[in-house]
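> compute the structure for the input listed below.
(chains A and B)
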Amino acid sequence: MNNNQQTLAHKPASSFIGAIGAIVWKDLVAELRSRELLSAMLVFALLVILIFNFALELDPLTRRVATPGILWATFAFAGTLGLNRSMAVEKDRGCLDGLLLAPVDRSAIYFGKMISNLAFMLIVEVVVLPVYSVLYNTNLFNPGLIIVILLGSVGYVAVGTLLSSMAVQTRTRDVLLPILLFPVVIPILIAAVKASSGFLQGLEVTEVMPYINLLIVYDVIFIAVAYMVFDFVVEE
Amino acid sequence: MKPQPIALKVLNIVSVLLFLAALGMVFLYAPLEATMNYVQKIFYFHIANAWVGMLGFIAAAVAGVIYLIKHDQKWDIVELAAVEISLVFFLIAIVAGSIWARPSWGAYWTWEPRLTTAAILEMIYIAYLLLRQGIDDPDRRARFSAVYTLVGAISVPITFISIRFFRTIHPVVIGTNSAASQGSFDMTSKMLATMFFALFTFSVIFVNLFWHRIRLGQLAQQVEQLKLEELQ
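Predicted coordinates:
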């Protein structure tokens, strides 16, 4: 155990931010040791890209149109894998009960899990983007695109964390999460795909702004909703 | 088992009579539409079904919120009833709409905001039912369903808006047969009267079915309790 971790672990989690930090730290350290979740997400993401290559015959012309869609489909699929795993680990080893017993606000657990899920998703995206750029000879290094990916991932993870903590407590668990999640995150996918393709095609910022606004609105609304209802999801 | 209350029995009869009257109005009172002829007749029930679906959608969201506040199992029954009714009526509306769309738009389906949103809403309802199926504990089932109804109720309007955006910013380029240009028509006052009568009729049918479904839910709950008592 290094010093940093020790101080965090021993500090009474009285402050809300402190509790969130402790959960995020726990998840990141656990992941750093096992590398189960990230490796699965990454391999899966690359496989999805590979499948799209054959499914869509990605010649240069198709690529220009299809890239944003492929990227977001990949992120969405890999995202469910990560969300499922991250909550299943808590549930299976009884960690969730431990977290619930901790004298902190329940919503701190939600935000902690959400931020660590977001971190995993962003790591996957950081790896996928350059790989995609190299494989398909497309330049994806665009500041606008990075903002879209950040906003889209926040919204996706905000709803995803809430729904995955519901899904792990059901009999059908892993199967259920994508079914619950996808119809609800469609606004994110629509707005993110449209905004990404806008930036990649070099459209004016004013033309892309409505989608960016939509993403921000979605993020704010769903973080607020999840914050309000998370108590009901983990209550025993 | 308690017999149906008198008011419900009366409502059953009223619903049937109103339905027959609405059917009569559609075929005998409302004039034929000039270009679409008989096909347009489906419009009255199509819109009425969608309206009932909408009512159910709102009722489910309201019941879900009340459940989360009050933690009373009866609101869970109300919520499930509303979701099931809304699921069925939206499905009828979609099918009726497709039948109407084929001759007037030339295709059963277009990815138009209303159609797409209705389809996504159906998906959310199916997911809702699958979620309920996967949970045995009635209290947890009620809590999770209420949360999911709430999430769905907020996301569906946003979905609608986002698809709208998507159409207005990038208009349909291939062909000019967008949803608005084909299949719209001017309604005469008789057509309007028929439409509103159909809406009213289906609202009454909605109340009637809702009542029956809530009653069924209560009975199911009683059976559940009797089973538990038997086991103990």
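> the helices in chain B, which residues?
Along chain B, counting by DSSP state H, helices occupy B:6-24, B:42-70, B:73-105, B:113-133, B:138-169, B:189-231.
> would you pull up the residue in chain A closest to chain B?
Nearest residue of chain A to chain B: A:T170, at 3.5 Å (C-beta to the nearest C-beta). For every residue, glycine as well, the C-beta is placed using N, CA and C.
> what's around that residue, how many residues?
Using other C-beta atoms under 10 Å in any protein chain shown, A:T170 is surrounded by 22 other residues.
> the one 4 residues further on too?
Residues lying near A:D174 (other C-beta under 10 Å) number 15.
> which residues touch the closest residue to it other than its chain neighbours?
Excluding its sequence neighbours, the residue lying closest to A:D174 (C-beta to C-beta, 6 or more residues apart in numbering or on different chains) is A:N84, at 5.2 Å. Going by C-beta atoms under 8 Å, 6 or more residues apart in numbering or on different chains, A:N84 touches A:164, A:167-168, A:173-174, A:177.
> among the residues you listed, which ones are buried?
A:164, A:167-168, A:173, A:177 (16 or more other C-beta atoms under 10 Å in any protein chain shown).
> A:V104 contacts A:G21, correct?
No: using C-beta atoms under 8 Å, A:V104 is not in contact with A:G21, being 11.2 Å away.
> so where's chain A uncertain?
A:1-14, A:236 (pLDDT under 70).
> residues contacting B:V204?
By C-beta under 8 Å, 6+ apart, the contact set of B:V204 is B:11, B:14-15, B:18.
> who in chain A is up against chain B?
A:159, A:162-163, A:166, A:169-173, A:176, A:179-180, A:182-187, A:190-191, A:194, A:207, A:210-211, A:214, A:217-218, A:221-222, A:225, A:229, A:232-233, A:235 (C-beta under 8 Å from any C-beta of the partner chain).
> the residues you listed, buried ones only, as a PyMOL selection?
Restricted to buried positions by 16+ other C-beta under 10 Å, the PyMOL selection for these reads:
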select buried, chain A and resi 159+162+163+166+169+170+173+176+179+180+182+183+184+185+186+187+190+191+194+210+211+214+217+218+221+222+225+229+232+233
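> from what I can see B:Q218 touches B:I77, true?
Yes: the pair B:Q218 and B:I77 qualifies as a contact (C-beta under 8 Å) at a distance of 6.2 Å.
> for the closest residue to chain A within chain B, which residues are in contact?
Nearest residue of chain B to chain A (C-beta to the nearest C-beta) works out as B:G134 at 3.5 Å. The contact partners of B:G134, taken as C-beta under 8 Å, 6+ apart, are A:170-173, A:176.
> among the residues you listed, which two are most distant?
The two members of those with the most space between them (C-beta to C-beta) are A:R171 and A:L176, at 8.7 Å.
> can you tell me the SS state at the residue of chain A closest to chain B?
With DSSP: H, G, I helix; E, B strand; the rest coil as the basis, A:T170 sits in coil.
> what's the nearest residue to it if we skip its chain neighbours?
Excluding its sequence neighbours, the residue lying closest to A:T170 (C-beta to C-beta, 6+ apart) is B:G134, at 3.5 Å.
> tell me the confidence at B:V207?
On the pLDDT scale, B:V207 is placed at 93.
> check contacts around it.
Here B:V207 is in contact with B:L11 (C-beta under 8 Å, 6+ apart).
> again, only using 10 Å
B:8, B:11, B:14-15, B:52, B:55 (C-beta atoms under 10 Å, 6 or more residues apart in numbering or on different chains).
> mind giving me the packing neighbours of the helix or strand of chain B with the lowest mean pLDDT?
Least confident helix or strand, chain B: helix B:138-169 with a mean of 85, by mean pLDDT, DSSP states H and E. With contacts defined as 3 or more C-beta pairs under 10 Å, 6 or more residues apart in numbering or on different chains; DSSP states H and E, the secondary structure elements packing on helix B:138-169 are helix A:143-167, helix A:173-200, helix A:205-234, helix B:42-70, helix B:73-105, helix B:113-133.
> in the fourth one, which residues are buried?
Residues of helix B:42-70 classed as buried by neighbour count (16+ other C-beta under 10 Å): B:42-57, B:59-68.
> okay, and the residue lying closest to A:V127 once chain neighbours are set aside sits in which element?
Among residues not flanking A:V127 along the chain, A:L42 sits closest, at 5.8 Å (C-beta to C-beta, 6+ apart). Using DSSP states H and E, A:L42 sits within helix A:36-56.
> and B:P3, how many neighbours?
Count around B:P3 with other C-beta under 10 Å applied: 7.
> OK, contacts around it?
B:P3 makes contacts with B:K9, as judged by C-beta under 10 Å, 6+ apart.
> any idea how far it is from A:Q169?
39 Å (C-beta to C-beta, to the nearest Å).
> kindly reformat the helices and strands packed on helix B:138-169 as JSON lines containing distance to A:L100.
JSON lines is the format used below for the helices and strands packed on helix B:138-169 (distance: least, C-beta to C-beta, whole Å):
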{"stretch": "helix A:143-167", "distance to A:L100": "11"}
{"stretch": "helix A:173-200", "distance to A:L100": "18"}
{"stretch": "helix A:205-234", "distance to A:L100": "6"}
{"stretch": "helix B:42-70", "distance to A:L100": "19"}
{"stretch": "helix B:73-105", "distance to A:L100": "23"}
{"stretch": "helix B:113-133", "distance to A:L100": "21"}
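> out of these, which is closest to A:L96?
Of all the helices and strands packed on helix B:138-169, helix A:205-234 comes closest under C-beta to C-beta, at 7.2 Å.
> now that closest one against helix B:42-70, angle please.
Helix A:205-234 and helix B:42-70 meet at an angle of 50 degrees, taking axes from the mean of the first three to the mean of the last three C-alpha atoms, to 10 degrees as the criterion.
> by contact count, what packs against helix A:205-234?
Here helix A:205-234 touches helix A:95-101, helix A:106-136, helix A:143-167, helix A:173-200, helix B:42-70, helix B:138-169, going by 3+ C-beta pairs under 10 Å, 6+ apart.
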